[in-house]
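Enquirer: Sequence first, predicted coordinates after that:
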Amino acid sequence: MSTIAARTGLTALFLLGLSPAIAAPCPAPLLAEVLAPPSAGHTEVSLACDLALPPDAVVGKRLVFAGKAASGARLDCHGARLVGSGGVDTGPDRIVIRSRGQTWQAMAADRPSNITIRDCRLDGGLRISGLGDNGQAEAVRQSSLSAGHTARAQAAAPTAITLENMIFFTTGRIPLYLAPGVTGVRLTGSTFTGTSNNPAVYLDAESAGNTITGNRFDLADHRREVIAIDGSADNTIADNTFTHVDAGGIFLYRNCGEGGTVRHQTPSGNVIAGNTFAPRTPASAPAIWIGSRGGRLFWRLATGCSADGGLPFGSSADDGDHADGNAVTDNVFIGIAPATAIRDDGNGSSLSGNRAGH
């Protein structure tokens, strides 16, 4: 892990006032329940303990870490596969980490933290969520209609989640989704493979302080960027390798008004450093694009920017991305000049040390 990523992760933990919790080992009957084939009415298992899977296991049930009770839990798959009941990439996300409650206050009091998941092969997706599964969820939309939404979303969402040495395999869905408000996620040493027309990682509105370091992104047949930073701030994306960046590598933007939700936070304060971009075909989009939507007419029509109109803050007041104050440093672009590989449509960002490689 790079020094900057480690520093960011530790700082986030400190600021959140969290200390590593340790869960008890899972009892043998729970392991047996996880390993048993799914059946009607029994397709998922809730975990709030430390579970180690056999290396040759194939788990067909969804694994759920819900609420404060799951804090401190650890899942070590030892290379085991988590699959959908119909095969690769079908059905719900294979791992879900979520808060519990009907209001943001209840979720803030009952959210999971300090969870570690490692060495799993996911044939499907992993989603971390608080107020809602995405930016268009009704609780997210309702919160967004008044000031203070970013703080509420972050207070209600899971935090301090570690994902290590994972293999995300997909045939279409977004493999890793950080829903609105998620903070302090650390993704390291993992590989994204398969095919997808969607991003490999989506950092949704109001999320912040996450680190993505030392991973390999090798999804084919992309029609979108590999990592979407959508109204997400203060993240560190460092020391990763990107292939297949034909349609873009890392894009920073804000989905103005989609689903009637006001996006409050801007994609600012992000650090993109020391990554290698090695496209296999001539790219049709920048490897890094700061402010990729920028309130342009196409995106205003595509995302329904006007659906959140009438309020004096966030994307309701201004459809622009405002992707300002980011840092793009020391990245290597194989066969591409940095001037072509990086597009900066924001303000006040720092671009330095980026170079072409062979």
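Expert: Done, it's in.
Enquirer: Show me the helices in the stretch 251-358 of the chain, by range?
Expert: Assigned by DSSP state H, counting those that start in this stretch, the stretch 251-358 of the chain shows helices spanning 297-303, 314-317, 338-341.
Enquirer: worst average pLDDT in the ones you listed?
Expert: Lowest mean pLDDT of the helices of the stretch 251-358 of the chain: helix 297-303, a mean of 58.
Enquirer: Would you mind listing where the stretch 151-300 of the chain has pLDDT under the threshold?
Expert: The model of the stretch 151-300 of the chain has pLDDT under 70 over residues 222, 281-283, 295-300.
Enquirer: helix/strand/coil for Ala153?
Expert: Three-state assignment for Ala153 (DSSP: H, G, I helix; E, B strand; the rest coil): helix.
Enquirer: That one touches Gln142, doesn't it?
Expert: No. Using CB atoms under 8 Å, Ala153 makes no contact with Gln142, being 11.3 Å away. Every residue, glycine included, has its C-beta placed from N, CA and C.
Enquirer: Which of the two has more residues huddled nearby?
Expert: Per other CB atoms under 10 Å, whichever of Ala153 and Gln142 has more neighbours is Ala153, with 31 against 15.
Enquirer: which residues touch that one?
Expert: By CB atoms under 8 Å, 6 or more residues apart in numbering, Ala153 lies in contact with Trp104, Gly130, Leu131, Val140, Ser143, Pro180, Gly181, Ala205, Glu206.
Enquirer: Surely the fourth one forms part of a strand?
Expert: Put plainly, it is Val140. No. Assigned with three-state DSSP, Val140 falls outside any strand and is helix.
Enquirer: What helix or strand is the closest residue to it other than its chain neighbours located in?
Expert: With sequence-adjacent residues excluded and distances taken as CB to CB, 6 or more residues apart in numbering, Val140 is closest to Gly132, at 4.1 Å. Gly132 is part of no helix or strand, with elements assigned from DSSP states H and E.
Enquirer: Does Gly214 touch Thr188 like I think?
Expert: Yes. Using CB under 8 Å, Gly214 is in contact with Thr188, at 5.1 Å.
Enquirer: So which of those two has more stuff around it?
Expert: Thr188 (22 against 19).
Enquirer: Contacts only, for that one.
Expert: In this structure, Thr188 makes contact with Met1, Ala5, Thr162, Leu163, Glu164, Asn165, Thr211, Ile212, Thr213, Gly214, Asn215, judged by CB under 8 Å, 6+ apart.
Enquirer: For Ala285, give its distance to Thr340.
Expert: Taking CB to CB, to the nearest Å as the measure, Ala285 and Thr340 are separated by 11 Å.
Enquirer: Tell me which of those two has more neighbours.
Expert: With neighbours defined as other CB under 10 Å, Ala285 and Thr340 compare such that Ala285 has more, 18 against 12.
Enquirer: tally of neighbours for the spatially closest residue to Cys77 that is not a sequence neighbour?
Expert: Using CB to CB, 6+ apart and skipping the chain neighbours, the partner closest in space to Cys77 is Cys120 (3.6 Å). Neighbours of Cys120 under the rule other CB under 10 Å: 26.
Enquirer: Same question for Gly172.
Expert: What Gly172 shows, counting by other CB under 10 Å, is a neighbour count of 16.
Enquirer: Can you classify it by secondary structure?
Expert: The three-state assignment at Gly172 reads coil, by three-state DSSP.
Enquirer: surely it meets Asn197?
Expert: Yes. When contacts are counted by CB under 8 Å, Gly172 is listed as touching Asn197 (6.8 Å).
Enquirer: between those two, what contacts are shared?
Expert: Shared contacts of Gly172 and Asn197, defined by CB under 8 Å, 6+ apart, are absent.
Enquirer: and the gap between the residue nearest to Ala157 when sequence neighbours are not counted and Asp119?
Expert: Leaving aside its sequence neighbours, Ala157 sits nearest to Gly130 (CB to CB, 6+ apart; 2.9 Å). Look at Gly130 and Asp119: by CB to CB, they are 26 Å apart.
Enquirer: just Phe192 next, same as before
Expert: To Asp119, Phe192 is 15 Å away according to CB to CB.
Enquirer: the more surrounded of the two?
Expert: With neighbours defined as other CB under 10 Å, Phe192 and Asp119 compare such that Phe192 has more, 26 against 19.
Enquirer: immediately after the helix or strand encompassing the more buried one, which helix or strand?
Expert: Phe192 is part of strand 191-195 when elements are defined by DSSP H and E. Per DSSP H and E, the first helix or strand lying C-terminal to strand 191-195 is strand 201-203.
Enquirer: partners of the following helix or strand past that following strand, with directions?
Expert: Using DSSP H and E, the helix or strand that follows strand 201-203 in sequence is strand 211-213. Sheet partners assigned to strand 211-213 using DSSP bridges are listed as strand 186-188 (parallel), strand 236-238 (parallel).
Enquirer: out of the ones you listed, deepest packed?
Expert: Most buried of the strands paired with strand 211-213 by mean neighbour count (mean count of other CB atoms under 10 Å) is strand 236-238; its value is a mean of 26.
Enquirer: Who are the packing partners of the next helix or strand after it?
Expert: Counting by DSSP H and E, the next helix or strand C-terminal to strand 236-238 is strand 241-243. Under the contact criterion of 3 or more CB pairs under 8 Å, 6 or more residues apart in numbering; DSSP states H and E, strand 241-243 touches strand 216-220, strand 276-278.
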